[in-house]
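1. everything below, folded, please.
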Amino acid sequence: MLSPSDMKRTERAAAKERRQGLDPVSAGQRLTAHVMRELHFAAGTAVAGYWPIGDEIDIRPLLYALYHRGHPVLLPVTPARGEPLAFRRWQPEDRLVQDRFGTMRPTGAPGIPDSLLVPLLAFDSRGCRLGYGGGYYDRTLAGLPGRMRIGCAFAAQQVDAVPVDPYDMPLDVVATDQGIVRCGA
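-> Numbers count the residues shown, from 1 in each chain. The predicted model follows:
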């Protein structure tokens, strides 16, 4: 029988294949429409997002929409392995700088998010997510209890069951190009 780590490794490879050939830009525009119509953020809610890399769904339209609606938008700064993410304020005119693992980060003031947009490779209806394996988001989410956790993905990234470990942190909802998936046990 495979360990959760082995199952995750296998599922990561399959998840990356499912994402190939999908259109991140148009899917990101549809995701943005669903989020802005169906999820409601209180005035002034600071939302942490991320700058998409590779063939991740493109949430930049969502970041711009949230910013123009008056929400402070934060982007992650990737620390050394074993540490949680830090966040810095982002504005559309900001120049981003290269960070670890090909990510981009702003140079704005540090901030703490009220809600988080979380990248993923696969998710299930329970809110379990499969990330890239570094544990950054699990450590970050564990250190920010009570925050709204919103996965961002193509609908094609949903699977029947994501293998989980005790330290994996679940999502509240997953925003996709096909709609909002409300997660539950």
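
2. stretch 112-128: which residues count as buried?
-> Neighbour counts over stretch 112-128 (16 or more other Cβ atoms under 10 Å) mark 113-125, 127-128 as buried. Backbone N, C-alpha and C define where each C-beta goes, glycine included.

3. where strands are concerned, which of those count?
-> Using DSSP state E, the members of the buried residues of stretch 112-128 that fall within strands are 115-119, 122-123.

4. quick one: the residues you listed as JSON lines, columns for pLDDT too.
-> Output for those, formatted as JSON lines (pLDDT from 0 to 100):
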{"residue": "Ser115", "pLDDT": "98"}
{"residue": "Leu116", "pLDDT": "98"}
{"residue": "Leu117", "pLDDT": "98"}
{"residue": "Val118", "pLDDT": "97"}
{"residue": "Pro119", "pLDDT": "95"}
{"residue": "Ala122", "pLDDT": "94"}
{"residue": "Phe123", "pLDDT": "96"}
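
5. is Ser26 in a helix, a strand, or coil?
-> Secondary structure for Ser26, judged by DSSP: H, G, I helix; E, B strand; the rest coil, is helix.

6. actually Glu11, sorry about that
-> Going by three-state DSSP: Glu11 is helix.

7. identify the farthest-apart pair in the ones in strands among the buried residues of stretch 112-128.
-> Ser115 and Ala122 (21.6 Å; Cβ to Cβ).

8. which residues touch Cys152?
-> By Cβ atoms under 8 Å, 6 or more residues apart in numbering, the contact list for Cys152 reads 31, 56-57, 59, 62, 117-120, 174-176.

9. so which of the ones in strands among the buried residues of stretch 112-128 is the closest to Ala48?
-> Checking these one by one against Ala48 (Cβ to Cβ), the nearest turns out to be Leu116, at 4.5 Å.
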